[in-house]
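Peer 1: Test case, fold it:
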Amino acid sequence: MKQLFILLFILALATGARGQDKYKIIKDIPYVSAGDTSTYRKERCKLDIYYPATKKDYKTIIWFHGGGLEGGNKEFRDELLNAGIAMVSPNYRLYPYCKNPQYTQDAAAAVAWVFHHIEEYGGDPLQIYVGGHSAGGYLTLMLALDKAYLNAENIDADAVKGYFSVSGQTATHYTIRKERGLSFSSPFVDRYAPLNNVRKLSTRLVLITGDRHLEQMARYEENLYLKAVLEGIGNKEIPLHELSGFDHGGVLRPAGLLIKEYLMKL
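Peer 2: Numbering: from 1, shown residues only. Below is the predicted model of the structure:
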């Protein structure tokens, strides 16, 4: 798998050479209604957009940061820059200042904003992708599998061209368990678990984790089970990439390069 990382790095250098495009960054765009009465929501629910200013009809990936639903901030992943695509990075509300399911509702609102506005920046609304790492991977999975969140924003979850979850929990997220006083280490699956929302997909889902021996507890195994259940109900192969030699945090860079490779092909 380290050989794969080297190949992806070479690919990154090659695609970086296409960076004849000029890029613009616009920060802190609100993606919720100006009439929202929650001061904290208005403070957190903003996004940054990085896009090619000299190109039209480009692909866009929405990237949700990690941080256990308790921390973290919007970021542009270096691996996805200068690739002829746009990147949108939203913040979302965090525990303990909000509680489940508000994290996922915010994520859905951010995705809806992109569908409604990316064309204004030159992007193709038919080529929108969603991804994230850790807590962001969990949010990605919930949006992909539980259609109710995007339905509430009048968006079909299958209108997203593809989803990339990097080290996302597929059981109920441990911070949601924490809200209820449940043990961090006890497995728990309810309506807020991606595993409990499996369905026949009409879009692409790619699962990525670090090395099963270095990842957070059972993270690879949870994703393997999700893959098995999704394929068991009739989905064609769900790719699961275990990036050997990388732990939970270290997997982010090679995962970004792998996602970039997918985006160049899709």
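
Peer 1: outside of the helix or strand hosting Ser89, which residues touch it?
Peer 2: In this assignment (DSSP states H and E), Ser89 forms part of strand 86-90. Residues from elsewhere that reach strand 86-90 (C-beta atoms under 8 Å, 6 or more residues apart in numbering): 31, 45-52, 58-65, 74-77, 80-81, 106-107, 110, 114, 118, 121, 123. Yep, even glycine has a C-beta here, placed from its N, CA and C like the rest.

Peer 1: now the helices: where do they sit in the stretch 1-150 of the chain?
Peer 2: 2-16, 39-44, 102-117, 135-145, 148-151 (DSSP state H, counting those that start in this stretch).

Peer 1: Most tightly packed of these?
Peer 2: Burial of the helices of the stretch 1-150 of the chain is given as mean neighbour count (mean count of other C-beta atoms under 10 Å); helix 135-145 ranks first at a mean of 28.

Peer 1: Contact partners for the residue nearest to Lys99 when sequence neighbours are not counted?
Peer 2: Residue nearest to Lys99 in three dimensions, not counting chain neighbours: Glu179, with 5.5 Å by C-beta to C-beta, 6 or more residues apart in numbering. Neighbour list for Glu179: Tyr95, Lys99, Asn100 [criterion: C-beta under 8 Å, 6+ apart].

Peer 1: cool, Leu150 as well?
Peer 2: Counting by C-beta under 8 Å, 6+ apart, Leu150 touches Ala108, Val111, Ala112, Leu143, Asp156, Ala157, Val160.

Peer 1: What distance do you get for the fourth one to Arg219?
Peer 2: Spelled out, that is Leu143. Distance, Leu143 to Arg219, by C-beta to C-beta, to the nearest Å: 19 Å.

Peer 1: So the nearest residue to His248 once chain neighbours are set aside versus Ser167, what's the distance?
Peer 2: For His248, ignoring the flanking residues on the chain, the nearest one in space by C-beta to C-beta, 6+ apart is Gln216 at 4.8 Å. Gln216 sits 7 Å away from Ser167, going by C-beta to C-beta.

Peer 1: Check the contact lists of those two and give me the overlap.
Peer 2: Applying C-beta under 8 Å, 6+ apart, one finds that Gln216 and Ser167 are jointly contacted by His248.

Peer 1: With neighbour numbers in mind, choose between the two.
Peer 2: Ser167 (30 against 16; other C-beta atoms under 10 Å).

Peer 1: now the strand holding Ser89: mean pLDDT?
Peer 2: Per-residue pLDDT over strand 86-90 has a mean of 98.

Peer 1: and the nearest residue to Gln102 once chain neighbours are set aside, how far is that from Ala144?
Peer 2: Among residues not flanking Gln102 along the chain, Arg93 sits closest, at 5.4 Å (C-beta to C-beta, 6+ apart). Arg93 is 20 Å from Ala144, where distance means C-beta to C-beta.

Peer 1: ranges for the strands of the stretch 51-200 of the chain?
Peer 2: Using DSSP state E, counting those that start in this stretch, the strands of the stretch 51-200 of the chain run over residues 58-64, 86-90, 123-133, 162-166.

Peer 1: Same list, those strands, but as JSON lines with distance to Asn151 and mean neighbour count please.
Peer 2: Shown next, in JSON lines, are the strands of the stretch 51-200 of the chain (distance: least, C-beta to C-beta, whole Å; neighbours: other C-beta atoms under 10 Å):
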{"stretch": "strand 58-64", "distance to Asn151": "17", "mean neighbour count": "25"}
{"stretch": "strand 86-90", "distance to Asn151": "19", "mean neighbour count": "25"}
{"stretch": "strand 123-133", "distance to Asn151": "15", "mean neighbour count": "22"}
{"stretch": "strand 162-166", "distance to Asn151": "16", "mean neighbour count": "27"}
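
Peer 1: which stretch among those strands comes nearest Thr172?
Peer 2: The closest of these to Thr172 is strand 162-166. By C-beta to C-beta, the value is 15.3 Å.

Peer 1: I'd like the distance from that closest one to the chain centre, please.
Peer 2: Taking C-alpha atoms, centre = their mean, to the nearest Å, one finds the center of strand 162-166 at 5 Å from the center of the full chain.

Peer 1: now swap in stretch 81-93 and tell me
Peer 2: On C-alpha atoms, centre = their mean, the centre of stretch 81-93 falls 10 Å from that of its chain.
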